[in-house]
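# From the sequence below, what's the structure:
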Amino acid sequence: MGANISTVGDTQATLDAIRQIVQALREASRWSERNVGLTSAQLFVLQTLAETPGMSINDLAARTHTHQSSVSTVVTRLVESGLALRSPSGADGRSVTVTLSGLGRRTAARAPEGPQGRLIRAIEQLPAARRSQLASALTDVASAMHADAADAHDHVPAMFFEERRHARRRTRHE
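Purely as a prediction, here's the structure:
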């Protein structure tokens, strides 16, 4: 039994929209790596830190709508490249504050905003009911795609295209 016209049209429209989003993210990542020397995820975190200096990793994760471990990995790369600094905060010394170095501030200022910020704003501008429907539908699709994966429940999504660059680098040096 074949899919009806409405299902086919809805599926194509959905895939076309996802393709446009992924293409914009991929192009931004290539541009960022070519022109700034950072992945688009690194640039996104850098620009987020420029907007609100002195954030904790947890605050930065909340601002970028990303898991804390993924943001921490990106921050580590920014610190290693001299663009960001980690410093202890709080009386107990367990909390860490992340700030930009002078080079980090200059780099953030000269680069245009990436698509992640625009994507977040576009989602946040949807009415609450549509945002909830979108989240639910995409979560269902992602779950269905990972239904057979042994680690589907343990997998924490990395920031857009950050894992691809990291995996490629590791493979080249092995």
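
# From what I see, Val71 and Leu60 are in contact.
Yes: taking contacts as C-beta atoms under 8 Å, Val71 lies within contact range of Leu60: 5.1 Å. Placement of C-beta: from N, CA and C, glycine included.

# between these two, who's got more neighbours?
Neighbour comparison, Val71 and Leu60: the larger count goes to Val71, with 27 against 21 (by other C-beta atoms under 10 Å).

# Now for Ser29: which residues touch it?
39-41, 160-161 (C-beta atoms under 8 Å, 6 or more residues apart in numbering).

# Kindly report the same for Leu100.
Listed by C-beta under 8 Å, 6+ apart, the contact set of Leu100 reads 46, 49-50, 53, 83-85, 108.

# which of those residues lies closest to Ser95?
Leu85 (14.5 Å; C-beta to C-beta).

# Tell me which stretches of this protein form strands.
55-56, 84-89, 95-100 (DSSP state E).

# what are the pairing partners of the last one, and which direction each?
This points to strand 95-100. Strands that pair with strand 95-100, judged by DSSP bridges, come out as strand 55-56 (antiparallel), strand 84-89 (antiparallel).

# For it, give the mean pLDDT please.
Across strand 95-100, pLDDT averages out at 91.

# before we move on, what about stretch 59-72?
For stretch 59-72, the per-residue pLDDT averages 93.

# and if you look at stretch 120-131?
The average pLDDT within stretch 120-131 is 94.

# can you list contacts of it?
Here stretch 120-131 makes contact (C-beta under 8 Å, 6+ apart) with 65, 134.

# What residues sit buried inside that stretch?
By 16 or more other C-beta atoms under 10 Å, stretch 120-131 has no buried positions at all.
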